[in-house]
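Q: sequence first, then the predicted structure:
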Amino acid sequence: MPLFIPSPTPADQLGKTREAIAEDGAVLRFSVLPENRDEESRIQQSIFRYEQHRNDDSVAEDRTWVLHWYTPLGSQELAEAAGLAVTSVHDGTGRSTTTDTGATDFTFTLQIAR
């Protein structure tokens, strides 16, 4: 089960617009607007703006994307509460690690607890 702790969006990416052309010729745009991050609560809220421009018709919509994450130890506790046992933990480089690490990318191997 791969898990990760999200990184904040780099400041130089906030407000930057990415653009693509759809098959029907519409111009599609995407931007990350302000982002709020609370390390203590482990919540990151990002506002995404989606735009579609076709001829004289334009539509723009802002959506909030909320990420909540668990530490490796918190993830282990959740797995155990669900009746699973953690048989191994690996960091983002594939090295064996423990749940008390500061890893931000990690993979758990789980099995049904006996």
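A: Done, it's in. Numbers count the residues shown, from 1 in each chain.

Q: can you pull up the bridge partners for residue 48?
A: Beta bridges link residue 48 to residue 32, residue 63 when assigned by DSSP bridges.

Q: so residue 88 touches residue 106, yeah?
A: No: between residue 88 and residue 106 there is no contact under CB atoms under 8 Å: 10.4 Å. In this view, the C-beta of every residue, glycine as well, is placed from N, C-alpha and C.

Q: neighbour count: those two, which is higher?
A: residue 106 (21 against 10; other CB atoms under 10 Å).

Q: surely the more buried one meets residue 95?
A: No: checked against CB under 8 Å, the pair residue 106 and residue 95 is beyond contact range at 10.1 Å.

Q: hey, what's in contact with both of those two?
A: Common neighbours of residue 106 and residue 95, counting by CB atoms under 8 Å, 6 or more residues apart in numbering, are absent.

Q: show me where the protein has helices.
A: Secondary structure of the chain (DSSP state H): helices at 72-81.

Q: how about the strands in it?
A: 2-4, 17-21, 27-38, 43-54, 57-68, 84-91, 105-112 (DSSP state E).

Q: what about the nearest residue in space to residue 61 that is not next to it in sequence, how many residues close to it?
A: Nearest in space to residue 61, with sequence neighbours left out and distances taken as CB to CB, 6 or more residues apart in numbering, is residue 50 at 5.2 Å. Neighbours of residue 50 under the rule other CB under 10 Å: 13.

Q: the one 10 residues further on too?
A: Residue neighbour count, defined by other CB under 10 Å, stands at 11 for residue 60.

Q: would you mind measuring from it to residue 10?
A: For residue 60, the distance to residue 10 equals 23 Å [CB to CB, to the nearest Å].

Q: cool, residue 42 as well?
A: With CB to CB as the criterion, residue 42 and residue 10 are 20 Å apart.

Q: which of those two has more neighbours?
A: Using other CB under 10 Å as the criterion, residue 42 and residue 10 rank with residue 42 on top: 15 against 9.
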